[in-house]
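Participant: need a structure here:
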Amino acid sequence: MTKPAFIPLRSCSIDIHPNARWKQNGLTVAGGNGQGNGIDQLSYPWGLYVDDDQTVYIADSGNPHIVKWESGATSGQVVAGGNEEGSGVHQLSDPRDVMVDNERDSVIICDNSNRRVVRWPRQNGTSGETIISNIDCLGLTIDENGSLYVVSFENAEIRRYQRGEYQGTVVAGGNGDGNQSSAWDGTIPSHPIPFVPWDANFLFLFHGMGWDENFLRVVPSHGTKISSSHPTSHGTKKYYMNLFFLVKTV
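Facilitator: Model (predicted):
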């Protein structure tokens with residue numbers, strides 16, 4: 001049976017060898033100079049996105065702005081926000097997640113406290129455009145068709161917004177908090193992160209930390225909801241979700 005090619009669309013395309021092992025000592029790619037608002041510091045960073053050139057985009061909620069760190073850089077560059085906290089079109093308030101839309105050369109941001117999802121130009125942007133209103137967004141991703149998936153903590157659901165849509169469609173949750181097959185608990189200390197496999201037939205998401213770790217939901221991206229409280233299997237291979245990547249165990 002052919003191994004499925006799952007690619008987390010929150011990052012650039014990656015190819016991990018089946019026998020790959022992680023190095024025990026990591027490399028700091030952003031921050032590492034104490035908490036603060038300096039150009040070489042971060043304050044309560046949440047979501048991140050890694051572009052094809054290894055540039056890291058970070059939702060730095062405590063400052064609040066979106067900052068990018070190029071590979072090997074010793075300081076970051078603000079690409080959105082950075083004009084003190086507020087609700088203006090040139091401001092952000094508690095940004096929780098970010099991703100890059102290369103097709104439109106922009107960044108899409110969960111502007112949590114302002115209850116909106118905004119799009120900022122990636123180059124020399126001075127203000128953002130609200131593309132989704134009245135949502136407490138905690139996580140987002142885009143699939144290969146350009147559909148935007150947004151995590152709503154308040155409503156315990158994930159909504160899909162196809163191009164031109166403003167209301168979106170619930171594709172996971174939406175039945176209140178809980179651990180039943182039709183609901184996931186939005187009160188746990190980490191937010192679900194949506195992923196889309198290479199063929200865009202299914203939406204995968206990670207749910208939980210600690211006591212509820214590796215709780216996996218599998219949802220067809222056309223909207224029919226199915227779920228499992230056990231790791232999913234493909235042949236003899238099992239796949240688990242961690243915070244940012246779909247990882248394979250053998």
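Participant: lowest-confidence helix or strand of this protein?
Facilitator: strand 246-249 (a mean of 30; mean pLDDT, DSSP states H and E).
Participant: For the host helix or strand of I109, which strands pair with it and how are they oriented?
Facilitator: Element membership for I109 (DSSP states H and E) is strand 106-111. For strand 106-111, the paired strands and their directions (DSSP bridges) are strand 95-101 (antiparallel), strand 116-121 (antiparallel).
Participant: which of those strands sits most buried?
Facilitator: With neighbours defined as mean count of other CB atoms under 10 Å, these peak in mean count at strand 95-101, which reaches a mean of 24. (Glycine included, C-beta is placed from N, CA and C.)
Participant: hang on, E154 packs against L138?
Facilitator: No: assessed by CB atoms under 8 Å, E154 is found out of contact with L138, at 9.2 Å.
Participant: right, and G146 touches R163 too?
Facilitator: Yes: using CB under 8 Å, G146 is in contact with R163, at 5.2 Å.
Participant: Of those two, which one has the most company?
Facilitator: G146 (13 against 8; other CB atoms under 10 Å).
Participant: what sits against the more buried one?
Facilitator: G146 makes contact with 103, 162-163, according to CB atoms under 8 Å, 6 or more residues apart in numbering.
Participant: separation between it and Q77?
Facilitator: 26 Å (CB to CB, to the nearest Å).
Participant: For N25, report the pLDDT, please.
Facilitator: Predicted confidence (pLDDT) for N25: 85.
Participant: Work out for me the element it sits within.
Facilitator: Counting by DSSP H and E, N25 is part of no helix or strand.
Participant: Name the residue in E154 and L138 with the higher neighbour count.
Facilitator: L138 (21 against 12).
Participant: tilt between the helix or strand containing that one and strand 116-121?
Facilitator: According to DSSP H and E, L138 maps onto strand 137-142. If you take axes from the mean of the first three to the mean of the last three CA atoms, to 10 degrees, strand 137-142 sits at 50 degrees to strand 116-121.
Participant: Strand 137-142 - contacts with which helices or strands?
Facilitator: strand 95-101, strand 106-111, strand 116-121, strand 148-152, strand 193-195 (3 or more CB pairs under 8 Å, 6 or more residues apart in numbering; DSSP states H and E).
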